[in-house]
Every structure is written in C-alpha cells, then in structure tokens.
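Chemist: Mind folding the following:
(one chain, ligands or ions: 1)
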Amino acid sequence: MGTTAVTVIGLGEMGRALADALLTAGHSTTVWNRSAAKADDLVARGAVRAATVEEAVLASPLTLVCLLDYDVTTALLEPAAGALRGRTLVNLTNGTPTQAREAEAWAVQRGAAYLDGGIMAIPSTVATPQAFVLYSGQKAPFDAHQATLEALGAAKYLGADAGTAALYDLALLSAMHVMFDGFFHAVAMATSNEEGTATGFTELLVPWLTNMTQVMPAFAADVDSGGEPALTQGLDVVLAGVRNMARASRDAGVRADYFEQSVADLEKQVAEGATVYTGPDVVRRLRTSG
Ligand code: NDP
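Modeler: Residues are numbered from 1 along each chain as shown. A predicted model of the protein is given here:
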C-alpha cells in the first residue's frame, strides 16, 4: 500500500468513515469540516486538522470531498480553487450526472484533475469487503490513485463520462428505494389481519426476494441482446396477478396506487396487441413513458 497523502473535506457520517479508513490504511490524512469538532476523534488518531479548505487542499495531491450536496461543494471549493491546480479532486458527494459533468468542467477549468464517485456503502461498511465505490471521469487520475482509493472499498472505474458514476449510483439507489417501498407495502398487507407479524413475514420475504434476484441476469441478457427474449411470461397471467395484488391491497386497507398504475399500464399493452411480458419491452416502455 502506498502512502499518498490524502485530504478529506466534509466530516459528516460518511466523511468521517472515509478519513478513518484512510488513517487505518496508513495514509497521511488532512481533514477539514465546517463544524471543526467533528475532526477531534480523527485528530486523536493522527489526522491533521486544516484551518481552512485551502490549507486542506494544499496539504495533499489528492482531495476527497463528501458533503451534503454539490451546491455546498462548489461554495466551499470556489474560494480555494487556486489551490486545486495540479491536484486531483475526487467528489464523493451524491449528485446527478449533470451535476457531476458540471463539476468536472469547473475543476478542469481550474487546472485540477477530476473524478466523480458514488459510494455504495454505509459508514459502518466503508473499508469492508461489502463496500464498493463507483468512479468515472478522467482515467489518468483514477489509475494514479486507485491503490489509495481501494482503502475505502473496491474501486470500480466506469468510464470517461464523469456522469456515469452518478448515473449508476442513483440507478442502484432507485432499485434499493423501490425494493424497500415494496418491502413495507408487503409488510402492511401481511400484517393486516390478526395472524401476521412483520418479523415472521420477513423470514419468508428475504429468501423469496433473494431467489428472485437470481432471475435478473437473464432479464439483463435479454435487454442487451436485442434478439428474441429468452425469458417471457404471458401478459394475461401477469395482468391477472397484478390485478389481484391491487384488489388484495385494497381489501386489506392498504394503498394500492402503485398496482393500479401497473394494471393500467398492462391493460394498455394488452389493448395494443401485446401478448408477452419481456425485459426489453418493460425497459422500452419505461424509456418512452417519461
Ligand atoms: P452528513 O449530514 O452526516 O454530513 C454532511 C456534511 O456536509 C457535513 O460535513 C456537513 O458539515 C457538511 N455541510 C452541510 N451543509 C454545509 C454547508 N452549508 N457548509 C459547509 N458544510 C456543510 O451526511 P453524510 O456524511 O451521511 O453524507 C455525505 C454524502 O455522502 C452525501 O452526498 C450522501 O448522499 C453520501 N453518502 C452517504 C451515505 C450514508 O449512509 N451516510 C451512503 C452513501 C453516500 P457540518 O458537520 O458542519 O454540518
């Protein structure tokens, strides 16, 4: 492991975990946070507390930023922009692909190398085998700093478009968000009579969903192939099932709006003459319905 000096700007829950991981990996680590006291534990472990953002950036060839949002990031970095020249900025703040591309242009104009990143971990799993971090943007700074970035979690480079890491990050989060919405909807249904507990139901739900994720690679292969899909279901069977989910939700006194929308979409497909449910069709309809 190399000993590149690293600066971390932003010591919220996540920024503290990142700085902690860098210290553990043996990197000289300089930190800055608006509320300076959040650096105390890190300083006790050997981090250097910078008095200003500019001082923090000047301390290292590599600066990681992990803040509330891109507006805060730009507002903090703009007064220190001169210090960024010739250094690498890695922005791990959650944002949109457009924001990432704008941030790259901003950094490049100021003579800095830029990578945008998405952290696929929570603070307690940073630097564990579960953690991975997505990066996109310039390849040269990724190659130069990959060994250092691996201290946070497996470093996955997605390509030259600075927006790709944010796109994948938000797509992964969207799948997680809808999964949790589905989980809570299912719990509300299953606990609507006297029989069920959320805990008992979840003991069934986790293996069921785990099994169902095994189908995703086959759907994905169909989306990519552009040929005849291998995985198909009769649209009438899918529609009948979703209608029942909507009815059973309503009967259980649970909101059914997602399923009512789904029934309407499926009925429209049937009315248009479609007979099968396939991955490519679902993705195509999602792309055109927005
Ligand atoms: P926190 O709320 O714990 O930290 C927010 C950080 O932003 C703090 O350092 C805070 O400073 C700073 N900040 C907010 N407003 C300002 C401001 N106006 N001026 C200066 N600094 C400001 O959030 P997290 O650390 O959890 O999240 C940070 C980023 O990491 C987000 O983009 C989040 O999406 C991402 N992330 C977080 C995960 C998590 O599980 N927590 C998981 C994956 C990504 P101060 O301490 O002074 O308030």
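Chemist: Assumed residue 95 was part of a strand.
Modeler: No. Residue 95 is assigned coil when assessed by DSSP: H, G, I helix; E, B strand; the rest coil, not a strand.
Chemist: and it, what are its phi and psi?
Modeler: For residue 95, the backbone dihedrals are phi -160, psi -180 (criterion: degrees, to the nearest 10).
Chemist: Low-confidence ranges, the chain, go.
Modeler: Within the chain, the ranges that satisfy pLDDT under 70 run 1-2, 289-290.
Chemist: Pull up the residues of it that are close to the ligand.
Modeler: Residues of the chain lying close to the ligand by Cβ under 6 Å from any ligand atom are 10-15, 33-35, 38, 66-68, 72, 76, 93-94, 119, 122-123. Any C-beta I mention is one placed from the backbone N, CA and C, and that applies to glycine too.
Chemist: Let's see which of those residues end up in helices.
Modeler: Judged by DSSP state H, the residues of the chain next to the ligand include 13-15, 72, 76 as members of helices.
Chemist: Let's see if you can find the most crowded of these.
Modeler: residue 15 (25 neighbours; other Cβ atoms under 10 Å).
Chemist: Now that one: closest residue in space that isn't a chain neighbour?
Modeler: Nearest non-adjacent residue to residue 15, counting by Cβ to Cβ, 6 or more residues apart in numbering: residue 66, 4.1 Å away.
Chemist: just checking, what packs against the longest helix along the chain?
Modeler: Longest helix in the chain by number of residues (criterion: DSSP H): helix 164-190. Judged by 3 or more Cβ pairs under 8 Å, 6 or more residues apart in numbering; DSSP states H and E, helix 164-190 is in contact with helix 97-109, strand 113-120, strand 132-137, helix 198-213, helix 235-251.
Chemist: Residue 270: neighbour count?
Modeler: Considering only other Cβ under 10 Å, residue 270 is surrounded by 13 other residues.
Chemist: That one belongs to a helix?
Modeler: Yes. Per three-state DSSP, residue 270 lies within a helix segment.
Chemist: Can you name the residues that contact residue 43?
Modeler: For residue 43, the contacting residues are 31, 49, by Cβ atoms under 8 Å, 6 or more residues apart in numbering.
Chemist: any idea how far it is from residue 105?
Modeler: From residue 43 across to residue 105, the span is 34 Å (Cβ to Cβ, to the nearest Å).
Chemist: Kindly report the domain assignment for this protein.
Modeler: 6-160, 168-288 (automatic domain parsing).
Chemist: How far does the shortest one stretch from one end to the other?
Modeler: In domain 168-288, first residue to last residue: 20 Å (Cα to Cα, to the nearest Å).
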